[in-house]
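Q: got a predicted structure plus its sequence, pasted below:
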Amino acid sequence: MSENSLAIRKFSDLANPTRFLGLAALVLPWLAGLTAVLFAIGLYLCFTTEGDYQQGETVRIMYVHVPSAWLSMMCYTVMALSALGTLVWRHPLADVAARAAAPIGAGFTFLALVTGSLWGKPMWGTWWVWDARLTSVFVLFLMYLGLIALNRAMDEPGKAAKVSAVLILVGFVNIPIIKFSVEWWNTLHQPASVLRLGGSAIDPEFLRPLLVMAVAFTLLFFTLHIAAMRNEIWRRRVTSMRRQAARSAGREV
């Protein structure tokens, strides 16, 4: 069997919810442990580095704000890929992944907005401005809330999955707007300074804790996402059992 065929087979095996639950049980403890270790290292670096000569101690907000902002966009990207899995490949766990990611993405986006406001007050002199970056991130937060509300409002799982997938893909246009808003329009936000051509513009003393926190936040997302997918599978199984029991009771009556 070729390597490509083996990879496709392993991917197909994960379509089985029972096998996914088994994999989640093995992975989650290790993933959670590694996440905790990286957060401990990252927080230590965050509080032991010197303050910035211009921003002072408020620069430490960056270590939470920037990873949260990255994860808010990455989470929606995961949802968009899951939406393709629902509409194109009919993967049984694609809708589970999208539904589980929405509250996590909303949490990261809310954290990015709050920490950005706390950082913006001493730097810009105001808590909030309706510039392109802030407005597009706020729209992203509303999109997350709308998808959460939609998933809870529709009782039919199959119909809810398709409608949600279409809306996710339509809303994905906001992600490049968030990413390139500082280049397309005149905003208070600075251009990309970590990942850019020519290397990072951030001093290594600040870059090291920022990257450690970014990895920690990323692992936190995967830990929460896998746990949420597991809970969603269990929830659907309980709902299915209740419906079957209700139908059986109705026939007996």
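A: Looks like it arrived, so ask away.
Q: switch to C-alpha atoms for all contacts and neighbour counts from now on
A: OK.
Q: helix or strand for residue 245, which one?
A: Element membership for residue 245 (DSSP states H and E) is helix 204-252.
Q: that helix packs against which elements?
A: helix 17-48, helix 62-84, helix 94-124 (3 or more CA pairs under 8 Å, 6 or more residues apart in numbering; DSSP states H and E).
Q: from the contact counts, what lies against the shortest one?
A: It refers to helix 62-84. Right, helix 62-84 is packed against helix 94-124, helix 157-171, helix 204-252 by 3+ CA pairs under 8 Å, 6+ apart.
Q: give me the contacts around the shortest one.
A: Among residues not part of helix 157-171, those counted as contacts by CA atoms under 8 Å, 6 or more residues apart in numbering are 79-80, 82-84, 86-87, 95, 143, 147, 150-151, 154.
Q: which parts of that helix are buried?
A: By 16 or more other CA atoms under 10 Å, the buried positions in helix 157-171 come out as 160, 161, 163, 164, 165, 168, 169, 171.
Q: please apply the same query to the first one.
A: For helix 94-124, a neighbour-count test (16+ other CA under 10 Å) marks 94-113, 115-120 as buried.
Q: now that helix against helix 204-252, angle please.
A: Helix 94-124 runs at 140 degrees relative to helix 204-252, counting by axes from the mean of the first three to the mean of the last three CA atoms, to 10 degrees.
Q: now render the buried residues of helix 157-171 as JSON lines, adding distance to residue 210 and pLDDT.
A: Converted to JSON lines, the buried residues of helix 157-171 look like this (distance: CA to CA, whole Å; pLDDT from 0 to 100):
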{"residue": "160", "distance to residue 210": "38", "pLDDT": "86"}
{"residue": "161", "distance to residue 210": "36", "pLDDT": "90"}
{"residue": "163", "distance to residue 210": "37", "pLDDT": "94"}
{"residue": "164", "distance to residue 210": "34", "pLDDT": "94"}
{"residue": "165", "distance to residue 210": "33", "pLDDT": "95"}
{"residue": "168", "distance to residue 210": "29", "pLDDT": "96"}
{"residue": "169", "distance to residue 210": "30", "pLDDT": "96"}
{"residue": "171", "distance to residue 210": "29", "pLDDT": "95"}
